[in-house]
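[1] have a look at this prediction, sequence included:
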Amino acid sequence: MIGFHPLASLGAEVSGVDLRAALDDATFALLHRGLVEHQVLFFRDQDVGPEHHLALARRFGEPVSHPAYPTVTGHPEINVLENTPEKPPKIDTWHTDMTFMEQPPLGSILRATVVPPSGGDTLWASLFGAWDALSDRLQRYLDGMTATHSFAHGFRHSLAEAGGWDRLGDAVRANPPVHHPVVRRHPVSGRKALFVNRLFTTHLDGVKESESDALLRFLFDHLETPEISCRFRWRPHSIAFWDNRSTLHRPVNDFWPAHRRMERITIAGDRPR
């Protein structure tokens, strides 16, 4: 029997399911409801292969690959996020995945294939909790506003490296800046979420630059408060599946120079509204 064991203000470990097996309709419905309610689901001891990973993702929607990361051989839908002594981590910023797209992902499924001896946890925070914790007055000000999100801004450090534009120039041109509501409604639950993030959001639209900068600094700090977050310690064969419409996350890069390898599938989503 499937069970959900909550971690904190968001997140739940799931028991009683084998992700190597195809999800029947009842199991899919339980996991879908659990994802919306808990925002991120964690699975332990799931010795799955790329084919199982892909089948799980496709049960929820179509995969969409990230243009900046390599993929698993034979599986272009699965991105590889790997760090070695020669390849240090580059992103340690809180973010919601791929908000530089017109239709950011529904969610992401991350599988641990190489886990460092210590460290390398991942943090998640609730965009619902961040919105709910704002004052009524600030909520009224923000509701209805839009903000600009940019691929080039999120990968500006990589672009500044030698050969950066050769590697990522096509992705920059394919992903011009987009505008999303600062407050989006979840398409399933209808709850409001504060939809900006430090990595990809460049400015609030229609206000002075100084006002935008000051308010975004406050909102980014507010989004990252511990009271609306949870922390997951990876073990071999662990999987995290998060709702990208209602969370942001951050890797903790305290493991380097140890080896860490993760495989991720990102699932296509809808236009924020």
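    That came through fine. Numbering: from 1, shown residues only.

[2] was I right about Pro70 contacting Asn79?
    Yes. If you go by C-beta atoms under 8 Å, Pro70 and Asn79 touch, sitting 7.1 Å apart. C-betas here are computed from N, CA, C, even on glycine.

[3] of the two, who's got more company?
    Asn79 (23 against 13; other C-beta atoms under 10 Å).

[4] quick one: residues contacting the more buried one.
    65-66, 69-72, 263-266 (C-beta atoms under 8 Å, 6 or more residues apart in numbering).

[5] doesn't it fall inside a strand?
    Yes. Asn79: assigned to a strand according to DSSP: H, G, I helix; E, B strand; the rest coil.

[6] quick one: low-confidence parts of the stretch 151-273 of the chain?
    Judged against pLDDT under 70, the stretch 151-273 of the chain has no low-scoring part.

[7] in it, which spans are strands?
    Here the stretch 151-273 of the chain has its strands, by DSSP state E, counting those that start in this stretch, at 178-181, 183-185, 192-194, 201-204, 229-232, 239-243, 247-251, 260-267.

[8] who's in contact with Asp18?
    If a contact means C-beta under 8 Å, 6+ apart, then Asp18 has Gln46 as its contacts.

[9] er, Lys90 actually
    By C-beta under 8 Å, 6+ apart, Lys90 lies in contact with 157-158.

[10] do the same with Arg111
    Arg111 makes contact with 46, 48, 53, 238-239, 262-264, according to C-beta under 8 Å, 6+ apart.

[11] could you export the strands of the stretch 151-273 of the chain as JSON lines, including distance to Met1 and mean neighbour count?
    JSON lines is the format used below for the strands of the stretch 151-273 of the chain (distance: least, C-beta to C-beta, whole Å; neighbours: other C-beta atoms under 10 Å):
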{"stretch": "strand 178-181", "distance to Met1": "39", "mean neighbour count": "18"}
{"stretch": "strand 183-185", "distance to Met1": "33", "mean neighbour count": "19"}
{"stretch": "strand 192-194", "distance to Met1": "31", "mean neighbour count": "23"}
{"stretch": "strand 201-204", "distance to Met1": "41", "mean neighbour count": "21"}
{"stretch": "strand 229-232", "distance to Met1": "23", "mean neighbour count": "20"}
{"stretch": "strand 239-243", "distance to Met1": "19", "mean neighbour count": "24"}
{"stretch": "strand 247-251", "distance to Met1": "26", "mean neighbour count": "24"}
{"stretch": "strand 260-267", "distance to Met1": "26", "mean neighbour count": "22"}
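
[12] looking at the ones you listed, which is closest to Phe220?
    strand 201-204 (8.1 Å; C-beta to C-beta).

[13] show me what that closest one is packed up against.
    strand 146-149, helix 209-223 (3 or more C-beta pairs under 8 Å, 6 or more residues apart in numbering; DSSP states H and E).

[14] how big is the angle separating the last one from strand 247-251?
    It refers to helix 209-223. Interaxial angle of helix 209-223 relative to strand 247-251 (axes from the mean of the first three to the mean of the last three C-alpha atoms, to 10 degrees): 80 degrees.

[15] which elements pack onto helix 209-223?
    Using 3+ C-beta pairs under 8 Å, 6+ apart, helix 209-223 sits against helix 127-132, strand 192-194, strand 201-204.

[16] mind redoing it with 10 Å?
    Here helix 209-223 touches strand 122-126, helix 127-132, helix 136-142, strand 146-149, strand 192-194, strand 201-204, going by 3 or more C-beta pairs under 10 Å, 6 or more residues apart in numbering; DSSP states H and E.

[17] give me the contact list for stretch 159-176.
    66-68, 90, 98, 100-102, 149-158 (C-beta atoms under 10 Å, 6 or more residues apart in numbering).

[18] report the buried members of those.
    Neighbour counting with 16 or more other C-beta atoms under 10 Å marks 66-68, 98, 100-101, 149-155 as buried within the contacts of stretch 159-176.

[19] ok, the residues you listed vs Val182, which is closest?
    Distances from Val182 to these, taken by C-beta to C-beta, are shortest for His149, at 10.8 Å.

[20] that closest one and Tyr69, how far apart?
    18 Å (C-beta to C-beta, to the nearest Å).

[21] over to Glu86?
    Per C-beta to C-beta, Glu86 is found 17 Å from Tyr69.

[22] between the two, which is the more surrounded one?
    Neighbours per residue (other C-beta under 10 Å) separate Glu86 from Tyr69, with Tyr69 holding more: 12 against 6.
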